[in-house]
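> fold the stuff below for me.
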Amino acid sequence: MKFLPRSLPLRWHLVLLVVGTLLPLVLFSSLVVARLAQEQRAAALRRLSYSSRLMGETVERELTSTTRTLEALAGSDRLEREDLRGFWLEARRAIRTQPTWKAIQLVTPDGRQWLSTSRDFGTPLPPVADWDSLRRLVKSGKPAVGNLVRSPIGGQWMFPVRVPVYRAGKLRFVLTASITPTALTQTVTRQLPPGEEWTRTVLDAHHVIVARTRDPERFIGHPATHGLLQQIRAAEEGIYRNRAIDGMQVYAAYSRTREARWTTVVTAAQSAIDGQVTSSLAAVAGSGAALLLLSGLGAYGFSRRVSRGIHSAAKAASALAHGSQPQMPTSAISELATLSMALDLSSQLLAQRAAERDELLVRADAARAQAEAANRAKDEFLAMLGHELRNPLAPIITALHVLRLRGKNDTREWEIIDRQAKHLSNLVDDLLDVSRITRGTVDLGRELVEVSTLFTRSVEMVLPLYQERQHELRETLPETELWLEGDERRLIQIISNLLTNAAKYTPPGGQVLLIARQEGDQVELTVRDNGQGMTPELLARVFDPFQQGPRTRDRPEGGLGVGLAIVQNLVRLHGGTVTAASNGPGKGSTFTVRLLSHRPVDA
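Predicted structure coming up:
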């Protein structure tokens, strides 16, 4: 039974077609959207970095503005005359114009405070809180910005901005403004872009938080995170992804100022930036899934119409195959309509062919009956002809024998009659054999026969013909005995018929080889001549009854053309095979008989 490969209904093929068509488009759209989202994220990170640099410049300007204000105050005439009380009053008036300044102090290069606007004039004052910035100013002689420290008076967070005061070319005083972080917080908050949920942070030179736009009271004075410190030490500016001080996963852009060496940091929540990519991909994936679903449902629904038409056509084809009249389907689909027309035409043609077939069958049956009757008549005629010819032939042969006994067989006429009588006897025997084989009345005996015995008796039968045609007959037998089981008389007939055929179709003075050999469990008998050979047309039907090769001048006496047909049938009855081959034009023919070998069993 032939098994068909596993198949899917048409509707699923249409669904797969739609999905296969739309899926690459959805994937391409997803890639495009992902690329655009990546570019949006890169643009957001660039804006983040730009904001960090811009905020650094703003902080730098704010500190520079503070420095210039202090430098202007440092040029006061009262300070020039060392009118410290008058300068204290002037500084008190100046600090009212700077709401983010906590105090103005006048400090000597060795760190002693001479006056502070946060205390009454003449009140003893503590030493400076930020020695690092003071030492830097004394060493460089230039303004310096200190780090975030707690004020010794009140403990409030602030950072100093210091400018040198020179008198007669010598550093006489250091004028300092203690500024609260609120000043920078307000400055960076004004720079915050609208709609951006970013956190801005300012770090001093020691990487301590000075200002922060989100929860400043909570985080001012805290050191920066370890990840940020690693980034700052590695480069002057950059962008990285890490966890912020408040635990949020963020992208952070940082930039270090040139003068104060402070660091400005702008952070954005990772979800706010990456969320654009995720949301875009989710939107495209959702839209693609919805499109695939709707298209698949549409294809599935449309396929029902097509499937109904195809099922109807299949039923019509099945009915047509079973010989019944099909019900032709109607469809609005042109291909199915064409198929319906083709099925209708096929139905008409099949009906026409069936009628022609029935008529041909009737004729064939009649012709077969006539042929069988003619064949039976031929077989009966051959059988009757053989018996009828034998009746007058027997007295002729007897009369010739009597004449030989009387010594009257020395005339040419007697020799002609004797030779033709023998030839006629052979023809009658062949006719009778053909009749018996055709009617299945041949009885084979079963006995063990040695091949050399068969060769000897077969050669004795054909020796007169070979002597007459002056042929050389050579036998080749193996050293060991070869045995066959069968009817000895019929086996001799097989070999003698092949030898007779070789003699007839070999010009006078030819050579015929009779070879026997063992091939496995078979005995192979070969008759090879160097006669005229056979054409391919004759070779294809050489074993058919009444087939003969062309007569030549050296072969005027023909036969009935049944000798090889008798050979083939007798070999088959013995369970063997016989084959014929042409050695080439003018090179003779080869006939090979293969029979099952038997060995005698010792008693």
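> so which helix or strand takes in the closest residue to Gly509 other than its chain neighbours?
In space, and not counting its chain neighbours, Gly509 is closest to Gln470: 5.1 Å by CB to CB, 6 or more residues apart in numbering. (C-beta placed from N, C-alpha, C; glycine too.) If you go by DSSP states H and E, Gln470 is not part of any helix or strand.
> so how far is Thr189 from Gln470?
From Gln470 over to Thr189 the distance is 137 Å, taken as CB to CB, to the nearest Å.
> who has more neighbours, these two?
Thr189 (13 against 10; other CB atoms under 10 Å).
> give me every residue that touches the more buried one.
200, 213 (CB atoms under 8 Å, 6 or more residues apart in numbering).
> all further residue positions should be reported with the first residue as 120.
Noted, 120 is the first residue going forward, which turns the last one into Thr308.
> buried residues, the helix or strand encompassing it. List them.
Per DSSP H and E, Thr308 falls inside helix 301-309. With burial defined by 16 or more other CB atoms under 10 Å, the residues of helix 301-309 counted as buried are 301-304, 306-307.
> in those, find the pair that's most separated.
For the buried residues of helix 301-309, the farthest-apart pair by CB to CB is Thr301 and Val307; their separation is 11.2 Å.
> follow-up on the earlier one: tell me which strands the helix or strand just after the helix holding Thr308 pairs with, and in which orientation.
Under the assignment DSSP H and E, the closest C-terminal helix or strand after helix 301-309 is strand 317-322. Here strand 317-322 has these sheet partners by DSSP bridges: strand 328-331 (antiparallel), strand 382-388 (antiparallel).
> could the ones you listed go into CSV alongside distance to Leu167?
Below are these laid out as CSV (distance: least, CB to CB, whole Å):
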stretch, distance to Leu167
strand 328-331, 16
strand 382-388, 6
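> can you add mean pLDDT, distance to Gln217 and mean neighbour count and give these back as a markdown table?
Output for the strands paired with strand 317-322, formatted as a markdown table (pLDDT from 0 to 100; distance: least, CB to CB, whole Å; neighbours: other CB atoms under 10 Å):
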| stretch | mean pLDDT | distance to Gln217 | mean neighbour count |
| --- | --- | --- | --- |
| strand 328-331 | 86 | 17 | 26 |
| strand 382-388 | 86 | 22 | 25 |
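> nearest to Ser171, of those strands?
Nearest of the strands paired with strand 317-322 (CB to CB): strand 382-388, 4.4 Å.
> contact partners of that closest one?
Under CB under 8 Å, 6+ apart, the answer for strand 382-388 is 163, 167, 170-172, 174-175, 178, 307, 315-322, 326, 343, 347, 351, 363, 367-376.
> what's the burial count for Glu378?
Close neighbours of Glu378, defined as other CB under 10 Å, add up to 13.
> who touches Leu347 in this structure?
326, 361, 371, 373, 384.
> in strands, which of those residues fall?
361, 371, 373, 384 (DSSP state E).
> of these, closest to Ser297?
Val384 (23.9 Å).
> show me where pLDDT drops low in the stretch 120-269 of the chain?
120-133, 141 (pLDDT under 70).
> where exactly do the helices run in it?
Listed in chain order, the helices of the stretch 120-269 of the chain (DSSP state H, counting those that start in this stretch) span residues 129-193, 196-199, 203-214, 250-259.
> which other residues reach the third one?
Contacting residues not belonging to helix 203-214 are listed as 188, 192, 195, 197-198, 220, 222-223, 225, 233-234, 236, 240 [CB under 8 Å, 6+ apart].
> just name the shakiest helix or strand of the chain by mean pLDDT.
Counting by mean pLDDT, DSSP states H and E, the weakest-scoring helix or strand in the chain turns out to be helix 531-558, with a mean of 62.
> so which strand or helix has the residue nearest to Pro664 when sequence neighbours are not counted?
Leaving aside its sequence neighbours, Pro664 sits nearest to Ala684 (CB to CB, 6+ apart; 4.3 Å). Element membership of Ala684, judged by DSSP H and E, is helix 682-692.
> which other helices and strands contact the very next helix or strand once past that helix?
Per DSSP H and E, helix 682-692 leads on to strand 696-701 as the next helix or strand towards the C-terminus. Applying 3 or more CB pairs under 8 Å, 6 or more residues apart in numbering; DSSP states H and E, one finds that strand 696-701 contacts helix 655-659, helix 682-692, strand 708-715.
> Ile614: which of these is closest?
Among the helices and strands packed on strand 696-701, the nearest to Ile614 by CB to CB is strand 708-715 (8.0 Å).
> let me see the mean pLDDT of the closest one.
The pLDDT scores in strand 708-715 average 93.
> coming back round to it: and the contacts of Leu347, which is closest to Leu715?
For the contacts of Leu347, the nearest to Leu715 is Asn361 (95.8 Å; CB to CB).
> might you list the low-confidence residue ranges for the stretch 270-419 of the chain?
Applying pLDDT under 70 to the stretch 270-419 of the chain flags residues 272-273, 309-316, 395-400, 403-404, 407, 411, 415, 418-419.
> could you chop the chain up by domain?
165-391, 449-560, 562-715 (automatic domain parsing).
> how much space separates the residue lying closest to Leu253 once chain neighbours are set aside from Val264?
Closest residue to Leu253 apart from its sequence neighbours, by CB to CB, 6+ apart: Val247 at 5.7 Å. The gap separating Val247 from Val264 is 14 Å, by CB to CB.
> make sure Gln637 is actually in contact with Ser716.
Yes. Using CB atoms under 8 Å, Gln637 is in contact with Ser716, at 6.5 Å.
> when these two are compared, which one has more neighbours?
The neighbour comparison of Gln637 against Ser716 (other CB under 10 Å) goes to Ser716, with 17 against 14.
> excluding its backbone neighbours, what's nearest the more buried one?
Val642 (4.7 Å).
> same check, this time on Glu600
That would be Glu569: by CB to CB, 6+ apart, it lies 5.6 Å from Glu600.
> do the same with Ala622
Using CB to CB, 6+ apart and skipping residues adjacent in sequence, the residue nearest Ala622 is Leu584, 5.2 Å away.
> quick one: that neighbour and Thr619 touch, right?
Yes. Leu584 sits in contact with Thr619 when judged by CB under 8 Å, with a separation of 6.4 Å.
> neighbour count: those two, which is higher?
Thr619 (19 against 15).
> what residue in this protein is the furthest from its centre?
Relative to the centre of the chain, the most outlying C-alpha is that of Arg525, 98.6 Å out, by CA atoms, centre = their mean.
> report pLDDT for it.
70.
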